[in-house]
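Trainee: got a sequence here, can you model it:
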Amino acid sequence: MGSYNGPRTPELSAMTYTIDRPNFLILMVDQLTGTLWTDGPAAFLDVPHLRALHERSVNCSSCYTPSPLCTPARGSFMTGLLPSGTTVYDNAAEFPSNLPTYAHYLRRAGWNTVLSGKMHFVGADQLHGFEERLTTDIYPADFGWTPDWRQPFERVDWWYHNLSSVTEAGVAHTSNQLEYDDEVAYHARARLLQLARRQDDRPFCMTVSFTHPHDPYTARPEQWSRYDGVEIPAPATAELPAAERDPHTRRLYDAVDSKRFDVTADHVAAARRAYCANVSYLDDKVGELLDTLKATGFAANTIVMFCADHGDMLGERGLWYKMNFFEGAARVPLGIAFPDGYGAGCRISSPTSAMDIVPTLLDIAGIDTADVVLPFDGRSLMPAIAGSATDDRTVASEYMAEGSVGSMLMLRQAQYKYVFCAADPEQLFDLDSDPEERTNLADKPEYQSVMERFRAHRDSGWNFDALDADVSENQQRRILCYDALRHGRYTPWDYQPSQNAAERFMRNHMDLNVVEANSRVSADNPDKH
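Mentor: Predicted coordinates for the structure are as follows:
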């Protein structure tokens, strides 16, 4: 599937974690940049719960998204495959139902798999291995957001980003995003309490996926006020003059309709403050979930993972949102907290990927490698946690969506980052000496051996002519299907959570004594679970 033909890693590490069949709580957030999380949450962030979680976690300080866009990143996060292997190319690309996810693997091995929140599955399958889905999604499940490479510079303003999120940043009592995440947290906590009643003795894997701190940069007063008097740094690299922008950056400026907006320093400061406030909002929600884990006794046997799908540029270089391979958009936090303190404080500084989550989960769960039907592009982090990993790994990320005119590739190895698109000049950055990626080294004679190494890796792993052809054909099929399905009666694919009112609370086919006894979660001995 797809056009990546490079080496994959079919084997797990054969290192089963010592706690037998633990529960998993996977906390996923949207658009949280790893540049604020290198050695833990940045000092100016008011995030006590996430800071404490980080301190007891194994943390990957150079973790990269498989794609700097929501749906492709999430398809890769769930399968351990690059977008060229999933064909989830953009935010309206169908997630094939025959791709095994970590939910499939764990469910097959006896875990109860639960999803609360956003995963932006496109297509009729809205579960992808999850036994239960507690909420609908915040974004549509159909093909309406399909980009069209035949008209790469045409804006579709009704769904595509512009800069109003920046110029209108500030305070609001509620928003579409806030109400969604309130619901996500509520249902996740309610399900944990239900699980604590022990009517299902299977271990669980619960994924709680929030949409914050994704734009719009709108925060509630209680979180906004936490940053009164707090000095939030301005972007390290100011907006670049047009002549100094690389071609993809120029395309992104056009894609967000930047000429129509006058973004001032005050707008930038307000947007960055609201973003930080929304990270604090997430911290509150994560704290509620972790408190519920502890109150129900599950904390003693639950591994907590914290990750993001991709980052946010937050005004660096004048760019916002994602859709590029600069550190702000491409780097994400990834931490794993083991309940017995295993690996606490361990920092994996060599490049890693959010695709590593799937093989790591399977490794911890002790799932036999013979059950892995599609070799992963990610690899288990358990050897690195045990101290046996090497630093020679090359991590890849791909982008084939809006704002691009062809498939884009990022490769990160050691301190170097390489970016390729057939339509653009190559880029090479030394992140040790140039963390803000201001100097392109691709044409420097002294770096040609590094360039040749990256080119060899690229050419051995990708066929870009075939990949571009597949992306374009995929787009046109979806555009035709979407147009056809909007004629006549429209049948949406959006997930509809179901409730059976006849089985909730107290009903007359039930024994009241049994209902009350089975519904109680004791506070006397919370560690009994």
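
Trainee: how near is the closest residue to residue 104 other than its chain neighbours to residue 100?
Mentor: Distances taken as CB to CB, 6 or more residues apart in numbering place residue 129 nearest to residue 104, at 3.6 Å, with adjacent residues excluded. Bear in mind the C-beta positions are built from the backbone N, C-alpha and C, glycine included. In this view, residue 129 and residue 100 are 7 Å apart by CB to CB, to the nearest Å.

Trainee: go on, residue 520?
Mentor: Computed as CB to CB, the residue 520 to residue 100 distance reads 38 Å.

Trainee: which of these two has more neighbours?
Mentor: The residue with more neighbours, out of residue 520 and residue 100, is residue 100; 19 against 10, by other CB atoms under 10 Å.

Trainee: so the more buried one is in which element?
Mentor: Using DSSP states H and E, residue 100 falls within no helix or strand.

Trainee: which residues does it contact?
Mentor: Applying CB atoms under 8 Å, 6 or more residues apart in numbering, we find residue 100 in contact with 79, 129, 373, 374.

Trainee: in JSON lines, list those along with neighbour count.
Mentor: Formatted as JSON lines, those follow (neighbours: other CB atoms under 10 Å):
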{"residue": "79", "neighbour count": "28"}
{"residue": "129", "neighbour count": "21"}
{"residue": "373", "neighbour count": "11"}
{"residue": "374", "neighbour count": "16"}
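
Trainee: list the ones among those that fall in strands.
Mentor: Of the contacts of residue 100, none are assigned to strands by DSSP state E.

Trainee: any idea how far residue 63 is from the spatially most central residue of the chain?
Mentor: Compute the mean C-alpha point of the chain, and by CA atoms, centre = their mean the closest residue is residue 309, 1.4 Å away. Residue 309 sits at a distance of 12 Å from residue 63 (criterion: CB to CB).

Trainee: for burial, what's the neighbour tally of residue 501?
Mentor: The number of residues near residue 501, taken as other CB under 10 Å, comes to 7.

Trainee: what's the closest non-adjacent residue to residue 108?
Mentor: residue 371 is the one closest to residue 108 (CB to CB, 6+ apart), at 7.4 Å.

Trainee: out of the contacts of residue 100, who's nearest residue 315?
Mentor: residue 79 (32.5 Å; CB to CB).

Trainee: wait, doesn't that closest one sit right on residue 99?
Mentor: Yes. With contact defined as CB atoms under 8 Å, residue 79 counts as touching residue 99 (5.2 Å).

Trainee: now list whatever residues contact both of those two.
Mentor: Common neighbours of residue 79 and residue 99, counting by CB under 8 Å, 6+ apart, are 86, 374.

Trainee: quick one: contacts for the residue nearest to residue 108?
Mentor: Applying CB under 8 Å, 6+ apart, we find residue 371 in contact with 105, 108, 109.

Trainee: and of these, the nearest to residue 503?
Mentor: Residue 503 has its nearest neighbour among the contacts of residue 371 in residue 108, at 26.8 Å by CB to CB.

Trainee: ok, the closest one - how many residues close by?
Mentor: Residue 108 has 13 neighbours, counted by other CB under 10 Å.

Trainee: again with the one 3 residues further on
Mentor: Residue 111 is surrounded by 24 other residues when neighbours are defined as other CB under 10 Å.

Trainee: residues contacting it?
Mentor: Residue 111 makes contact with 21, 24, 202, 203, 204, 205, 365, according to CB under 8 Å, 6+ apart.

Trainee: ramachandran coordinates for it?
Mentor: Main-chain torsions, residue 111, degrees, to the nearest 10: phi -90, psi 150.

Trainee: and it, how far is that from residue 207?
Mentor: The gap separating residue 111 from residue 207 is 11 Å, by CB to CB.

Trainee: before we move on, what about residue 442?
Mentor: Using CB to CB, one gets 39 Å for the distance from residue 442 to residue 207.

Trainee: between those two, which has more neighbouring residues?
Mentor: Using other CB under 10 Å, the more surrounded residue of residue 442 and residue 207 is residue 207, with 23 against 17.

Trainee: once you drop chain neighbours, what's closest to that one?
Mentor: residue 26 (4.4 Å).

Trainee: counting contacts, what elements does the helix or strand hosting the one you found pack onto?
Mentor: Under the criterion of DSSP H and E, residue 26 resides in strand 23-30. Applying 3 or more CB pairs under 8 Å, 6 or more residues apart in numbering; DSSP states H and E, one finds that strand 23-30 contacts strand 204-213, helix 265-296, strand 302-308, helix 357-365.

Trainee: alpha carbons of the helix or strand just after the shortest one, as CSV, please.
Mentor: Read it as strand 302-308. As assigned by DSSP H and E, the chain's next helix or strand after strand 302-308 is helix 327-330. Taking C-alpha atoms only, helix 327-330 is exported to CSV below (Å, rounded to 0.1, in the frame of the first residue of the first chain):
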residue,chain,number,x,y,z
GLU,A,327,10.3,22.2,14.6
GLY,A,328,7.3,24.1,15.9
ALA,A,329,4.9,22.0,13.7
ALA,A,330,6.8,18.8,13.4
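
Trainee: name the helices or strands packed onto the next helix-or-strand element following helix 327-330?
Mentor: Downstream of helix 327-330, the next assigned helix or strand under DSSP H and E is strand 331-332. Helices and strands touching strand 331-332, by 3+ CB pairs under 8 Å, 6+ apart, are strand 63-64.

Trainee: note down every partner strand of the strand it packs on and its orientation.
Mentor: According to DSSP bridges, strand 63-64 forms sheet pairs with strand 331-332 (antiparallel), strand 352-353 (parallel).

Trainee: so for the helix or strand hosting residue 477, what gets flagged as buried?
Mentor: Counting by DSSP H and E, the element that carries residue 477 is helix 464-485. By neighbour count on 16 or more other CB atoms under 10 Å, the buried set for helix 464-485 is 464, 467, 468, 470, 471, 472, 474, 475, 478, 479, 485.

Trainee: farthest pair in those residues?
Mentor: Greatest spacing in the buried residues of helix 464-485, by CB to CB: 464 and 485 (31.2 Å).

Trainee: quick one, which of the contacts of residue 111 are buried?
Mentor: Listed as buried from the contacts of residue 111 are 24, 203, 204, 205, 365; burial here means 16+ other CB under 10 Å.
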